[in-house]
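Q: Structure, please.
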Amino acid sequence: MVIANIISYVLVIVGALNWGLYGVFNFNLVSWIFQGPRSVGSIIIYVIIALASIWLIISPIISGHGLRLAVRDEEEREARREHTGV
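A: Sure, this is the predicted structure:
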């Protein structure tokens, strides 16, 4: 789940940067890369970024622990105990 959170954060940051470019300079980077706002590539990127943002919304609910980008110390200690048998 940590990897999914990191990937989602990166994708949402890319989406936010695209919106910032569009708002400040009226330049849509995704549309420019894929030659149009409604091209197949653009639509796929927009959908992937939207799914990433939805994941970041529901991930804390699913895990019940809040949004995590790293394994917590408590879980590491528990994993070590299980591994060593102590």
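
Q: residues in contact with stretch 51-64?
A: By C-beta atoms under 8 Å, 6 or more residues apart in numbering, the residues outside stretch 51-64 that reach it are 1, 4, 5, 7, 8, 9, 11, 12, 15, 66, 67. C-beta coordinates here come from the backbone N, C-alpha and C atoms, glycine included.

Q: what's near enough to touch residue 30?
A: Residue 30 neighbours (C-beta under 8 Å, 6+ apart): 18, 37, 42, 45, 46.

Q: could you redo the last one with a cut-off of 6 Å?
A: 18, 42, 45 (C-beta atoms under 6 Å, 6 or more residues apart in numbering).

Q: how about stretch 15-32: buried residues?
A: 15, 18, 28, 29, 30, 31 (16 or more other C-beta atoms under 10 Å).

Q: Not counting sequence-adjacent ones, nearest residue to the last one?
A: Ranked by C-beta to C-beta, 6 or more residues apart in numbering and with sequence neighbours excluded, the top spatial neighbour of residue 31 is residue 37, at 4.3 Å.
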